[in-house]
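Novice: Sequence first, then the predicted structure, then my questions.
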Amino acid sequence: MKIILVGRSENILLFFINFITPHTALVGCMILSFHHGRLFSIDGELVLLFLIPFLQLIVVIFILRCLEWKFGKISMRKDPFFRISPRSSDVHQNPEEPEEEDEDVEMERVRTVNALNSTNFDERPAIIASCLRKEYTVKRKHCFSKKKKKIATRNVSFCVRKGEVLGLLGHNGAGKSTSIKVITGDTKPTAGQVLLKGSSEGDPLGFLGYCPQENALWPNLTVREHLDVFAAVKGLRKADATVTITRLVEALKLQEEEKRPVKALSEGMKRKLCFALSILGNPSAVLLDEPTTGMDPSGQQQMWQAIRASFKNTKRGALLTTHYMAEAEAVCDRVAIMVSGRLRCIGSIQHLKSRFGKDYLLEMKVKTLAHVEPLHSEILRLFPQAARQERYSSLMVYKLPVEDVRPLSQAFFKLEIVKQSFDLEEYSLSQSTLEQVFLELSKEQELEDFDEEVDLSVRWKLLQQEEP
């Protein structure tokens, strides 16, 4: 047997490379084989020296995949190339039926089902969210207690029509952020289905624009460079991108900031840039997660005008989340209010005011706290159906039915007498606003959060301080 070996120094180097990085050793052996012509031969048959690192490479890959399957299931699902199990596109049915739904919410659910089953793809809404349910597993404080499931959304169904801006309102923890994450594909729903205009089996998310709550920007790139990069990623031709970017910069008044790096911009300018990036390329569906956070009143007005102009009379729709009722009234065509993971109501702002804000609101501020109880008795005498809502020190709030207030001239005449008799600092009588409707509908979530987080003894002390 005749063996021709490579040099000793090369053997030592090859051993260490083979031990540390088998895939590099495999490539090195191939280079050496080409360099020497052949590494060793037995009776005229060529034996490849890189057989050992090749086998070692297979073993290492197998071990890594086993470790990832055991400890890295979440990262494995996000891996687009070496995923062990394919992504599941099955739609799971919601385990519970909707109960005690508002009639508007029930009608919206029916419209959602009809839109999903429609064969006319051109007439489908921009965003369809059907029976969304998301459960999270919450770890208990004690080691031996069972894990608890927290339901973030329950049977949430809504459609965003073309040319419409739908406002999604709710307290922190109501389920807004979870709904947004499900629609963007950041998290998988426990049950339900999301369909966007322009989506297909190969691209379930369709062409989606997203303005996240946190600014996802590169600090060292300029405004113009951001727009150029996103235009290229979205496939805009150079001539079309130039025209579109120029219009966006002018509409949002970013001309002076165009060549400045993002790290030198104010928070308001960063939000404008995020909004511009979300609508660049004319996406069919856009998600705006609190787009005006951190902006001054002037910047908010400019952003509201830009949002209205971007979607009115177009073929795309937007879902907007906000904590500002003024923003919802200025921008949204319809509003949906979420409470404790459920859709509590949906409709136009005027419809919600008429439906849930039928009563008048009376606010009075007293100068002397000693007048509070006599004033309360006088209000009940003048308006027998008055219901006290809140009392913050010297501020008293009552809800008055419409029949007790009309005619308004007589109601104001009575209140003027009360003002003089009890030395009121000020008073106001008004119809319910969207904010008051929102607060009224959100009370049940506040009570649930109170029950979960506040100790019983603390609750008892707080209740003792309240007026009967």
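Specialist: Now that the structure is in, tell me what you want to look at. Keep in mind it's a predicted model, so treat the numbers as computed, not measured. Residues are numbered from 1 along each chain as shown.
Novice: going forward, measure contacts and count neighbours with C-alpha atoms only.
Specialist: Noted.
Novice: so where's the stretch 351-468 of the chain uncertain?
Specialist: Residues of the stretch 351-468 of the chain that meet the criterion pLDDT under 70 lie in 444-468.
Novice: what's the answer for the stretch 101-250 of the chain, then?
Specialist: Looking along the stretch 101-250 of the chain with the criterion set at pLDDT under 70, you get 138-147, 198-206.
Novice: quick one, what contacts residue 404?
Specialist: The contact partners of residue 404, by Cα atoms under 8 Å, 6 or more residues apart in numbering, come to 383, 384, 385.
Novice: Just among those residues, which is most surrounded?
Specialist: Of the contacts of residue 404, residue 383 is surrounded by the most neighbours, 19 neighbours in total, counting by other Cα atoms under 10 Å.
Novice: and the gap between the closest residue to that residue other than its chain neighbours and residue 360?
Specialist: Of all residues not flanking residue 383 in the chain, residue 404 sits nearest, at 5.9 Å (Cα to Cα, 6 or more residues apart in numbering). According to Cα to Cα, to the nearest Å, residue 404 and residue 360 sit 9 Å apart.
Novice: how many neighbours does residue 238 have?
Specialist: Residue 238 has 12 neighbouring residues, counting by other Cα under 10 Å.
Novice: In this structure residue 366 contacts residue 426, no?
Specialist: Yes. Judged on Cα atoms under 8 Å, residue 366 makes contact with residue 426 at a distance of 7.4 Å.
Novice: then the helix ranked longest in the chain to PDB, C-alphas only?
Specialist: The single longest helix within the chain, with elements called by DSSP state H, is helix 51-71. C-alpha atoms of helix 51-71 as PDB (Å, rounded to 0.1, in the frame of the first residue of the first chain):
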ATOM      1  CA  LEU A  51     -14.400  12.400   3.900                       C
ATOM      2  CA  ILE A  52     -13.800  12.600   7.700                       C
ATOM      3  CA  PRO A  53     -14.700  16.400   8.000                       C
ATOM      4  CA  PHE A  54     -17.700  15.800   5.700                       C
ATOM      5  CA  LEU A  55     -19.100  13.200   8.000                       C
ATOM      6  CA  GLN A  56     -18.200  15.400  11.000                       C
ATOM      7  CA  LEU A  57     -20.100  18.300   9.400                       C
ATOM      8  CA  ILE A  58     -23.200  16.100   9.100                       C
ATOM      9  CA  VAL A  59     -23.000  15.100  12.700                       C
ATOM     10  CA  VAL A  60     -22.600  18.700  13.900                       C
ATOM     11  CA  ILE A  61     -25.500  19.900  11.900                       C
ATOM     12  CA  PHE A  62     -27.700  17.100  13.200                       C
ATOM     13  CA  ILE A  63     -26.700  18.000  16.800                       C
ATOM     14  CA  LEU A  64     -27.500  21.700  16.300                       C
ATOM     15  CA  ARG A  65     -30.900  20.900  14.800                       C
ATOM     16  CA  CYS A  66     -31.800  18.700  17.700                       C
ATOM     17  CA  LEU A  67     -30.800  21.500  20.200                       C
ATOM     18  CA  GLU A  68     -32.800  24.100  18.300                       C
ATOM     19  CA  TRP A  69     -35.800  21.800  18.100                       C
ATOM     20  CA  LYS A  70     -35.500  21.200  21.800                       C
ATOM     21  CA  PHE A  71     -34.700  24.700  23.100                       C
END
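Novice: that older thread, tell me the first helix or strand C-terminal of the helix or strand hosting the residue nearest to residue 383.
Specialist: Per DSSP states H and E, residue 404 falls inside helix 402-405. Later in the chain than helix 402-405, the nearest helix or strand by DSSP H and E is helix 408-422.
Novice: other SSEs contacting that next one?
Specialist: Secondary-structure packing of helix 408-422 (3 or more Cα pairs under 8 Å, 6 or more residues apart in numbering; DSSP states H and E): strand 424-431.
Novice: Please name the strands paired to the strand it packs on in the sheet, noting orientation.
Specialist: The sheet places strand 424-431 alongside strand 360-366 (antiparallel), with pairing taken from DSSP bridges.
Novice: end to end, how far does stretch 180-195 reach?
Specialist: One end of stretch 180-195 sits 13 Å from the other (Cα to Cα).
Novice: Identify the residue nearest residue 295 in space, chain neighbours excluded?
Specialist: With Cα to Cα, 6+ apart as the criterion, residue 295 has its nearest non-adjacent residue at 4.4 Å, and that residue is residue 268.
Novice: can you list contacts of the helix or strand hosting residue 192?
Specialist: For residue 192, the host element (DSSP H and E) is strand 191-196. Contacting residues not belonging to strand 191-196 are listed as 91-94, 116, 125-134, 155, 182-183, 204-208, 284-285 [Cα under 8 Å, 6+ apart].
Novice: how much space is there between the residue lying closest to residue 217 once chain neighbours are set aside and residue 226?
Specialist: Leaving aside its chain neighbours, residue 217 sits nearest to residue 262 (7.3 Å; criterion: Cα to Cα, 6+ apart). Distance, residue 262 to residue 226, by Cα to Cα: 9 Å.
Novice: Also residue 61?
Specialist: 38 Å.
Novice: okay, these two: which has more neighbours?
Specialist: Neighbours of residue 61 and residue 226, each counted by other Cα under 10 Å, are more numerous for residue 226; the result is 19 against 12.
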